[in-house]
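Student: need coordinates for the following:
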Amino acid sequence: KHPKIQHRMAVVYSHLGEALDDTDHFYKAIHHFKLAEDADQENEDLAIDWGLTWIHLALIASDSTIQENCFREAEQKFIQAAKLGNETVYYQLACLYSLQGYYDLSFFYLHKSYATKNLPPKEELEEDDWLEGVRLFPQFEELLALLPEN
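Tutor: Residues are numbered from 1 along each chain as shown. Predicted coordinates for the structure are as follows:
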């Protein structure tokens, strides 16, 4: 009945899971995301936060099958947000695909994020651990060259 509260509780649990590398907190977050979505199925911010939670859970997954399933869930949530009209999610999709080793897709969404003026500043791109895989390619330097200093 209170989707905003459920959403906020989910984000808190997700942050706890991230800080403590604790899967139980991530699963509590997912529970609250479900409750929030039941009441508000067209909340693009909720979908993005939920997708980010799935990525964090994937990164501490105990085996590759769980990790793949978490990444798939993250992708579905991000695509849901994009279908709802959210353009900031392109950056999260780029990060997701970089983590999975789908570098062509990652660059596609980095460029889409740039085209929609949703790309973070150059410094953040250079420091984002989730983009580590794409940094090895000359296309990454070409993209950075398009961005203003500072």
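
Student: remind me what the top helix by length along the chain packs against, helices and strands.
Tutor: Longest helix of the chain, by residue count under DSSP state H: helix 64-83. Judged by 3 or more Cβ pairs under 8 Å, 6 or more residues apart in numbering; DSSP states H and E, helix 64-83 is in contact with helix 44-59, helix 89-100. Where you see a C-beta, it was placed from the backbone N, CA and C, and this is true even at glycine.

Student: other residues contacting that helix?
Tutor: By Cβ atoms under 8 Å, 6 or more residues apart in numbering, the list of residues contacting helix 64-83 from outside reads 44-45, 47-48, 50-52, 54-55, 57-59, 61, 89-90, 92-93, 96, 99-100.

Student: pull out the buried members of these.
Tutor: Applying 16 or more other Cβ atoms under 10 Å to these, the neighbour count classes 44, 47-48, 50-52, 54-55, 57-58, 61, 89-90, 92-93, 96, 99-100 as buried.

Student: packing partners of the helix or strand in which Lys4 is found?
Tutor: Using DSSP states H and E, Lys4 sits within helix 3-20. Here helix 3-20 touches helix 23-39, helix 44-59, going by 3+ Cβ pairs under 8 Å, 6+ apart.
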